[in-house]
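Novice: return atomic coordinates for the entry below.
(one chain, ligands or ions: 1)
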Amino acid sequence: MNDMHAASTSAPLLTLDKVTFRHRGQTLLQNISLTLSSQGSTIVMGPNGAGKSLLMRICHGLLTPTSGRLHWHDTGGRPPRQAMVFQRPVMLRRSAIANVTYALAVQGTCWRDRKPLAREALERFGLTDVAHRPARVLSGGEQQRLALARAWALRPAVLFLDEPTSALDPAAIKAVEDAVTDFGRVGTRIIMNTHDISQAKRLGDDVLFLCQGRVVEHNNAESFFLAPRTRDASAFVRGELVW
Ligand SMILES: Nc1ncnc2c1ncn2[C@@H]1O[C@H](COP(=O)(O)OP(=O)(O)OP(=O)(O)O)[C@@H](O)[C@H]1O
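Specialist: Coordinates of the predicted model:
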């Protein structure tokens, strides 16, 4: 494994030490050791079933590894403020704005600040007109923007995105990519999983390439796409079928 990152000069953010995840006798993630730096955007790539979503869920704290450990460097080992955007947005049976204020309440934001923060986030993502519509009747693209607005309102230090554009048309994809760039501009650390090589080139600083539950290559994005170091990554970049 090449654990070289684009932003390797910046301080470490998260270290995974021999993280393994087993389920019903199957090893789905095996001995993953890596360090993510505190700046930039990491793109997680690899074939279907490689364990990309599992890895992100473990990093986000939704799943616990069977063995191994995670260490967040800046926050004394504890996870920093973080949010996750999924392929299919998870919306509560409430209005768009209530989905945002609810997330702020869960985070512990003072009730006086919730509505102003929610309105600002909805406006930023072009959702002011649908603020009082039930979130679940919004279009797929609008729901994904709402998921991003909800994440934006939380001011996360780290944002995980699990294939956020795979069900969207080009205009909606552009809106999501612009949002990811905006998060990056305000210093949010991006960790995103995508199958779209062009998108990875547009958004990624470093690439984490997984195959069959292992990290095969971790490299800065330019090197990964121009001169991958491993056979599997080369085949993947050439568009060959890798599994
Ligand atoms: N919560 C879970 N508990 C147990 N097994 C899981 C869980 N989530 C995923 N898996 C299994 O782990 C393997 C890897 O799944 P994962 O969703 O991480 O792959 P992926 O690389 O994201 O694939 P894709 O590109 O198809 O989304 C699959 O065999 C899946 O069935």
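Novice: tell me the mean pLDDT over the helix ranked longest in the chain?
Specialist: Assignment by DSSP state H gives helix 170-185 as the longest helix of the chain. Helix 170-185 shows a mean pLDDT of 92.
Novice: chain center to it: distance?
Specialist: Put simply, helix 170-185 sits 13 Å off its chain's centre (CA atoms, centre = their mean, to the nearest Å).
Novice: so which bits of that helix are buried?
Specialist: 172, 173, 175, 176, 177, 179, 180, 183, 184 (16 or more other CB atoms under 10 Å). C-beta coordinates here come from the backbone N, C-alpha and C atoms, glycine included.
Novice: three-state assignment of residue 234?
Specialist: Under DSSP: H, G, I helix; E, B strand; the rest coil, residue 234 falls in the helix class.
Novice: oops, could you answer that again for residue 104 instead?
Specialist: From three-state DSSP, the assignment for residue 104 is helix.
Novice: would you mind confirming that it is in contact with residue 112?
Specialist: No: counting by CB atoms under 8 Å, residue 104 stays clear of residue 112, with 10.9 Å between them.
Novice: which one of these two is surrounded by more residues?
Specialist: For the pair residue 104 and residue 112, the greater number of neighbours falls to residue 104 (21 against 7), based on other CB atoms under 10 Å.
Novice: show me what contacts the more buried one?
Specialist: By CB atoms under 8 Å, 6 or more residues apart in numbering, the residues touching residue 104 are 113, 114, 117, 118, 153, 154.
Novice: need the pLDDT of the residue lying closest to the third one once chain neighbours are set aside.
Specialist: Just to be clear, that refers to residue 117. Take residue 117 and drop its neighbours on the chain: the residue closest to it by CB to CB, 6 or more residues apart in numbering is residue 153, 4.8 Å away. For residue 153, the pLDDT comes out at 97.
Novice: isn't residue 153 right next to residue 116, touching?
Specialist: No: the pair residue 153 / residue 116 is not scored as a contact, 9.8 Å apart, by CB under 8 Å.
Novice: the two: who's more crowded?
Specialist: Comparing residue 153 with residue 116 by neighbour count (other CB under 10 Å), the higher total belongs to residue 153, at 27 against 10.
Novice: and the more buried one, how far from the ligand?
Specialist: Distance of residue 153 to the ligand, given as CB to the nearest ligand atom, to the nearest Å: 27 Å.
Novice: with residue 69 instead?
Specialist: 19 Å.
Novice: burial measure for that residue, as a count.
Specialist: 11.
Novice: before we move on, what about residue 132?
Specialist: 10.
Novice: how much space between it and residue 94?
Specialist: 10 Å (CB to CB, to the nearest Å).
Novice: and what of residue 162?
Specialist: From residue 162 across to residue 94, the span is 23 Å (CB to CB).
Novice: dump the residue contacts of the nearest residue to residue 17 once chain neighbours are set aside.
Specialist: Nearest residue to residue 17, sequence neighbours excluded (CB to CB, 6+ apart): residue 69, at 5.1 Å. By CB under 8 Å, 6+ apart, the contact set of residue 69 is 16, 17, 18, 19.
Novice: so what does the host helix or strand of the last one touch, helix or strand wise?
Specialist: Translated: residue 19. In the assignment (DSSP states H and E), residue 19 maps to strand 12-23. With contacts taken as 3 or more CB pairs under 8 Å, 6 or more residues apart in numbering; DSSP states H and E, strand 12-23 sits against strand 26-37, helix 52-60, strand 67-72.
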